[in-house]
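Novice: Next come a sequence and a model predicted from it.
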Amino acid sequence: MSVSSELPRAARRILTRNDYVDRRSPHGARFFLGKYLCVQAHDGYAEGIITETEAYGGAKDKASHAFGNKRTPRTEIIYSLGGAAYVYLCYGVHHLFNIVTGPLDSPEAVLVRTVRITDGHELVRQRRYGVRERDWCNGPGRVCAALGIGLDHNCHDLLLGEKIWIEDRGLQVPPRQVERAPRIGVDYAGTWALKPWRFIWTQYVDIDKLPLS
DNA sequence: CTCTCGATTAGCT
DNA sequence: GCTAATCGAGAGA
């Protein structure tokens, strides 16, 4: 049985402006655990539960692309009002998806690191051909590969409910199931790399523990 | 214009 | 554990 079928229809709600603006870094990143990331791409639709996030934010955060309030064509979207998508190409190979949060001119974003697919399995199976299901979306590059997120989603408005958006379907994340850990791949950030700004829904991040499907 | 490097991953040894 | 892949942003000449 799928989670969506267990929930009443009324519980489905596309996140609105304040859901994004009020999520200040770093703790706001926790809010997105248990939310549904929905993506309509050229080749079809797929969605999944967000189970791991990382906070990036504040001009002081040396790991952030907006460190020192640096404004460039690429980073400008991070300064916009919360509720936009920030997608960029990393290592020339992988797309990484971020949720822009916080008020205008406050450069905060949440990187989505892991997702559990809840719809669009056949499409994702094609996109991730040859990869076992447990490795479909555990990693920010894999999340984008599985859901079909690309540069065409960059700067997209998450409030529109088209192409890419996030839904709250009433799924509750028990506080005791949330672990915090240092962010990955940001050793260059010195002491900022040590901050526990990664949020993991432990019961769901490991597919073997999932009650779903 | 040239050069460097990266919020990663897959495929090896 | 090691590293190639692959390309655009950003910095500097």
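Specialist: Cool, got the structure.
Novice: Around DNA strand C, pick out the residues from chain A.
Specialist: Contact residues, chain A versus DNA strand C (CB under 7 Å from any atom of the strand): A:His65, A:Lys70, A:Thr72, A:Pro73, A:Arg74, A:Thr75, A:Tyr88, A:Leu89, A:Tyr91, A:Gly92, A:Val93. C-betas here are computed from N, CA, C, even on glycine.
Novice: again, 6 Å this time
Specialist: Applying CB under 6 Å from any atom of the strand, we find that chain A lies next to DNA strand C at A:Lys70, A:Thr72, A:Pro73, A:Arg74, A:Thr75, A:Leu89, A:Tyr91, A:Gly92, A:Val93.
Novice: Filter the residues you listed down to the buried ones.
Specialist: A:Thr75 (16 or more other CB atoms under 10 Å).
Novice: got a markdown table for the residues of chain A next to DNA strand C, with pLDDT, distance to DNA strand B and secondary structure too?
Specialist: A markdown table is the format used below for these (pLDDT from 0 to 100; distance: CB to the nearest atom of the strand, whole Å; DSSP: H, G, I helix; E, B strand; the rest coil):
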| residue | pLDDT | distance to DNA strand B | secondary structure |
| --- | --- | --- | --- |
| A:Lys70 | 95 | 11 | coil |
| A:Thr72 | 96 | 12 | coil |
| A:Pro73 | 96 | 13 | coil |
| A:Arg74 | 97 | 10 | coil |
| A:Thr75 | 97 | 8 | helix |
| A:Leu89 | 97 | 6 | strand |
| A:Tyr91 | 96 | 4 | coil |
| A:Gly92 | 96 | 4 | coil |
| A:Val93 | 96 | 5 | coil |
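Novice: quick one: which of the residues of chain A next to DNA strand C is nearest to A:Leu159?
Specialist: Nearest to A:Leu159 out of the residues of chain A next to DNA strand C is A:Thr75 (CB to CB; 21.0 Å).
Novice: Find the least confident helix or strand in chain A, judged by mean pLDDT.
Specialist: Every helix and strand in chain A was compared by mean pLDDT, DSSP states H and E; the lowest is helix A:3-6, with a mean of 52.
Novice: Neighbouring strands - and their directions - for the next helix or strand after that one?
Specialist: As assigned by DSSP states H and E, the chain's next helix or strand after helix A:3-6 is strand A:13-14. Its sheet considered, strand A:13-14 pairs with strand A:164-168 (antiparallel) by DSSP bridges.
Novice: does any part of the very next helix or strand once past the strand it pairs with sit near DNA strand B?
Specialist: Per DSSP H and E, the first helix or strand lying C-terminal to strand A:164-168 is strand A:178-181. No: on the criterion CB under 6 Å from any atom of the strand, strand A:178-181 is out of touch with DNA strand B, staying 12.9 Å away.
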